[in-house]
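> A structural model of the following input is requested.
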Amino acid sequence: MPDDTTVSRFWAWFRANDAKLREMSTEDDPLWDIALAQLQRVNKGLRFEMSDPHKGRRDFVITAQGDKTLFPLVDSMVVAAPRMDDWTIVALNPAKGFDIVVDVEGVKYDPKSIWFLPLDDVRHPPDPQARWSIGNLFPGDFGIRFGVPGLRDEDHDGAAFAAARILEAVLGERERAVAVQYVEIARLPIDPAQDGFIRLLELAAYIATHRRRIAVSLRQPLKGEMT
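Numbers count the residues shown, from 1 in each chain. Just a heads-up that it's a prediction; the model follows:
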C-alpha cells in the first residue's frame, strides 16, 4: 500500500491540472497518458476512465481493472480526494446496464442475447475441457457458463474478452470481482432454458438469491430457537 504522500501528490497534480483535465475528450489527448502516468505512480495496476460532461460535471473513475487486492487502495484514494465543484470521484467502474454491444474484430456480442448457466460442484460442475475459463470454483463459490449464440471455435478468445467487458458493465467492477469467482465460455445450446441456462438479464437477481441461500444455509439457530 503506498503511503499517504504518494496519494496526496496525485491529487495535488490533479487539482493543478483541473481545467485541462475537464477539457480532455479522448485517450488520444496527450494529457491522458500524462494523467495515467501520474496515477500509476500510486500503483501500476490502476487506470482511470472519465464520463462525458453533464451539467458542468464529469466523473473521474479510478479502476483496478478487476484486481480485488487493489480495491482497498482505490477506496482510500477516493476518500482522500479533495472536494472539487466540477468532478465526482468514483471508486471502481459502476454498473452501466445492458445498453452495451462489444465488437471484437467484427463479431458483435449483445448481452441481451446472451444466457448463463449457474455452475457448482454438484448439479452443473465446470467443464474440464472448456476452451476458455478463468478462476476456480470452490464449494460455496459462484460460477457461470457464458452462453454465446452461434459461437465459433475461432472466436473463443474474442468472446472471452467480450464476456469480461459485459460482466463488468452489467454488474459493476466490484460486484463482478466479488460475486463471480469462475467464468467459462461456451456456445449457447439450441434450447438454453431446457438445459438450465438463464438470460443474462437476470444475472444480478440470481446472484442476490444465491447469496440469500448461502446465508440461510450457514445460519445456525440460536439456543431455544425453533428450527
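> CA atoms for contacts and neighbours, from now on please.
Will do.
> ranges for the helices of the chain?
Along the chain, counting by DSSP state H, helices occupy 4-16, 18-23, 30-39, 71-80, 156-171, 173-179, 203-218.
> turn those into CSV, columns for mean neighbour count, distance to Gly140 and mean pLDDT.
Shown next, in CSV, are the helices of the chain (neighbours: other C-alpha atoms under 10 Å; distance: least, C-alpha to C-alpha, whole Å; pLDDT from 0 to 100):
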stretch, mean neighbour count, distance to Gly140, mean pLDDT
helix 4-16, 15, 37, 95
helix 18-23, 14, 44, 96
helix 30-39, 16, 36, 97
helix 71-80, 17, 22, 97
helix 156-171, 20, 19, 95
helix 173-179, 19, 11, 95
helix 203-218, 13, 7, 87
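> mind putting these in JSON lines, distance to Pro126 included?
As requested, the helices of the chain are exported to JSON lines (distance: least, C-alpha to C-alpha, whole Å):
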{"stretch": "helix 4-16", "distance to Pro126": "41"}
{"stretch": "helix 18-23", "distance to Pro126": "45"}
{"stretch": "helix 30-39", "distance to Pro126": "38"}
{"stretch": "helix 71-80", "distance to Pro126": "28"}
{"stretch": "helix 156-171", "distance to Pro126": "16"}
{"stretch": "helix 173-179", "distance to Pro126": "17"}
{"stretch": "helix 203-218", "distance to Pro126": "17"}
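> which of those sits closest to Pro189?
Pro189 lies closest, by C-alpha to C-alpha, to one member of those: helix 156-171, at 15.6 Å.
> show me what the closest one is packed against.
Helix 156-171 sits against strand 102-104, strand 182-187, with contacts defined as 3 or more C-alpha pairs under 8 Å, 6 or more residues apart in numbering; DSSP states H and E.
> how about residues contacting that helix?
By C-alpha atoms under 8 Å, 6 or more residues apart in numbering, the surrounding residues in contact with helix 156-171 are 93-98, 100, 102-105, 109, 111, 131-132, 146, 148, 151, 176, 185, 204.
> check these for burial and list the buried ones.
93-95, 98, 102, 109, 111, 146, 148, 176, 185 (16 or more other C-alpha atoms under 10 Å).
> tell me the domain ranges of this structure?
By the assignment in automatic domain parsing, the chain contains the domains 4-91, 102-218.
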